[in-house]
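> Here is a sequence together with a model predicted from it:
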Amino acid sequence: MVSRQLKDTVGAIESGTQAVCLNFREMASLAQSSATMGARLMDADGSHNVNEVIQECRITMTQLLDRLEQSGQLYAKAIAQMELVDTRVQRVFETLKQLDQSSFASRIVALNAKIEAVHLGNLGSGFEVVADQISNQAHRSAELTASVAVILTDLTKTMQTATSELRQLADTDREAAAHSRAGAEAALENLQFASSQMQEAVAETRRVSETLYTEISNAVVAMQFQDRVSQRIGHVIDSLEAMNQALTSFESAEDISPGDRKQQIAQSLASSYTMDSERRAHGSDMAAVAVAEELAPEDTGDVELF
Amino acid sequence: MPKTALLVDDSFSIRQMLSFTLKDAGFDVIEGANGQEGLTAVQQAAKLDLIITDLNMPVMDGITFIREARKLPASKYTPILMLTTETQAEKKQEGKAAGATGWIVKPFHPAKLLDVIAKLVP
């Protein structure tokens, strides 16, 4: 009856240990998955990590903003060139004004010549023709000057409008570039900060997962007590059955002395032991055998390769 | 191609712990609850890279299992580790004579066991 109780106890321990083992396996798998994911995110496999992506974004945005600034500088150069053209057009206006004054002077000269020709009568008729010619030329010159002035005025107006629009565009772009640069820098800084915090969290998770995995491995070692306990209880069951046989023998056989029988049983038990702790306990006061010795046997995990 | 390990132990929990350790190391695992089941598994396996066996088991013990397994082509040269609570020098000698490659005293530590396996199954 005691043997059966002990066998049931061994079975219960085995079942409990199996359940715990399965739980450990699940926990270890989860811990390992977590550590692997963390490692992947931390760029353990050599692929692009978050820091590299941020750095690439920073470079790309800096290049874009630099190009925007270069465009602004080109605008400024174009505006300066257009202003230079405007200045030169103003000089042309002054020249046209002088031409107009010159035409006016020619017309006055022609008029005076015509008056003098009239005073001379028939002798001055040739001068009168020349004076008319000069007057016509001066008039024609004044018309051309006025025409060029109109064209130049239109051109100047168009150029001033274009310059104004270009300047406005350049100012807007410059402000936008400055604003974009500040915004992009701030966003990248925030991203960098968030990334470093995330990496710290991932690293911590990874450390915890690895620790958990190690702890589970240690627990796997500790759980093997069940095997040793089962074996020892098995040997106790053997002992009980041997004693049962001995008691039965005593009832029927008188040829073996109790002392000899006791020694036979003891030898039989000793040969069934598989652990040093059992052999040490054999024949000793059981209370004197330290439980701790069984829980942490000195030879556990020893490896010998032949 | 994954390596294959055969685990022979009458304790289900020990087989579970071994299986868990070896699968994490990339092994495919097959199991037997005693030496006889172990031999059947060897006969059915196309290739075995590692065998780990207990010593004291019902039906067929570990020493007999190793002796018989060494006669079979699939396990003739396969590393066989004895994983047992037994520490007696005579028993170790018996295991070595039967054809065991190494002797590990229970309880095993997964990392330590994998170190040994890495030496035997590169």
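Okay, I see it.

> May I have the predicted confidence score for the residue most central in space within chain A?
With distances taken as Cα atoms, centre = their mean, the residue of chain A nearest its centroid is residue A:50 (1.4 Å). Note on residue A:50: pLDDT of 70.

> so what's it closest to, chain neighbours aside?
Excluding the flanking residues, the one nearest residue A:50 by Cβ to Cβ, 6 or more residues apart in numbering or on different chains is residue A:195, at 4.5 Å. Glycine gets a C-beta too; all of them are placed from N, C-alpha and C.

> again with residue B:100
Closest to residue B:100 by Cβ to Cβ, 6+ apart is residue B:82, at 4.7 Å.

> what secondary structure does that neighbour sit in?
Following DSSP: H, G, I helix; E, B strand; the rest coil, the label given to residue B:82 is strand.

> Count the neighbours of the residue of chain B found nearest chain A for me.
As assessed by Cβ to the nearest Cβ, chain A sits closest to residue B:107 within chain B, at 3.3 Å. Residue B:107 has 22 neighbours, counted by other Cβ atoms under 10 Å in any protein chain shown.

> Just confirm yes or no for the helix or strand hosting residue A:13 near chain B.
Taking DSSP states H and E as the definition, one finds residue A:13 inside helix A:2-41. Yes - Helix A:2-41 is in contact with chain B by Cβ under 8 Å from any Cβ of the partner chain, via A:14, A:17, A:18, A:20, A:21, A:22, A:24, A:25, A:28, A:32.

> what angle do the helix or strand just after that helix and helix A:2-41 make?
Next helix or strand after helix A:2-41 toward the C-terminus (DSSP H and E): helix A:50-120. Relative orientation of helix A:50-120 and helix A:2-41, computed by axes from the mean of the first three to the mean of the last three Cα atoms, to 10 degrees: 20 degrees.

> picking that back up, who are the packing partners of the helix holding residue A:13?
helix A:125-223, helix A:225-252, helix B:12-24 (3 or more Cβ pairs under 8 Å, 6 or more residues apart in numbering or on different chains; DSSP states H and E).

> So which of the ones you listed is the most surrounded?
helix B:12-24 (a mean of 21; mean count of other Cβ atoms under 10 Å in any protein chain shown).

> After that one, which helix or strand is next? Please name it.
strand B:27-32.

> What helices and strands are in contact with that following strand?
strand B:3-8, helix B:12-24, helix B:35-44.

> do you know which of the ones you listed lies nearest residue A:303?
helix B:12-24 (14.3 Å; Cβ to Cβ).

> who does that closest one touch, helix- and strand-wise?
helix A:2-41, helix A:125-223, helix A:225-252, strand B:3-8, strand B:27-32, helix B:110-120.

> any chance of those in JSON lines, plus distance to residue A:71?
Shown next, in JSON lines, are the helices and strands packed on helix B:12-24 (distance: least, Cβ to Cβ, whole Å):
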{"stretch": "helix A:2-41", "distance to residue A:71": "39"}
{"stretch": "helix A:125-223", "distance to residue A:71": "6"}
{"stretch": "helix A:225-252", "distance to residue A:71": "77"}
{"stretch": "strand B:3-8", "distance to residue A:71": "63"}
{"stretch": "strand B:27-32", "distance to residue A:71": "63"}
{"stretch": "helix B:110-120", "distance to residue A:71": "62"}
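
> Could I get the ones you listed in TSV, plus columns for mean pLDDT and distance to residue A:271?
What follows is those, written out as TSV (pLDDT from 0 to 100; distance: least, Cβ to Cβ, whole Å):
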stretch	mean pLDDT	distance to residue A:271
helix A:2-41	76	19
helix A:125-223	85	29
helix A:225-252	76	10
strand B:3-8	95	23
strand B:27-32	95	26
helix B:110-120	89	29
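
> on that earlier part again, please report the distance of the residue nearest to the centre of chain A from residue B:33.
50 Å (Cβ to Cβ, to the nearest Å).

> what's the answer for residue A:26, then?
23 Å.

> Tell me which of those two has more neighbours.
When neighbours are counted by other Cβ under 10 Å, residue A:26 and residue B:33 differ, and residue B:33 comes out ahead with 18 against 12.

> my read: the more buried one touches residue B:9, true?
Yes - contact status for residue B:33 versus residue B:9: in contact at 7.4 Å, counting by Cβ atoms under 8 Å.

> what residues are shared contacts of these two?
Residues touching both residue B:33 and residue B:9 (Cβ atoms under 8 Å, 6 or more residues apart in numbering or on different chains) are B:15, B:57.

> Tell me the bridge partners for residue A:305.
residue B:102 (DSSP bridges).

> Return the residues in contact with it.
B:101, B:102, B:116, B:119, B:120.

> Up against chain B, what does the stretch 201-306 of chain A have?
A:217-218, A:220-228, A:230-231, A:274-276, A:299-306.

> can you do 6 Å?
With Cβ under 6 Å from any Cβ of the partner chain as the criterion, the stretch 201-306 of chain A meets chain B at residues A:217, A:220-221, A:224, A:226-228, A:274-276, A:299-306.

> Grab the nearest non-local neighbour of residue A:25.
residue B:20 (4.6 Å).

> For the one you found, give its distance to residue B:121.
Separation of residue B:20 from residue B:121 (Cβ to Cβ): 18 Å.

> got the contact list for the lowest-mean-pLDDT helix or strand in chain B?
Scoring the helices and strands of chain B by mean pLDDT, DSSP states H and E places helix B:12-24 at the bottom, with a mean of 86. With contacts defined as Cβ atoms under 6 Å, 6 or more residues apart in numbering or on different chains, helix B:12-24 is touched by A:17-18, A:21, A:25, A:220, A:226-227, B:5, B:7, B:9, B:29, B:31, B:110.
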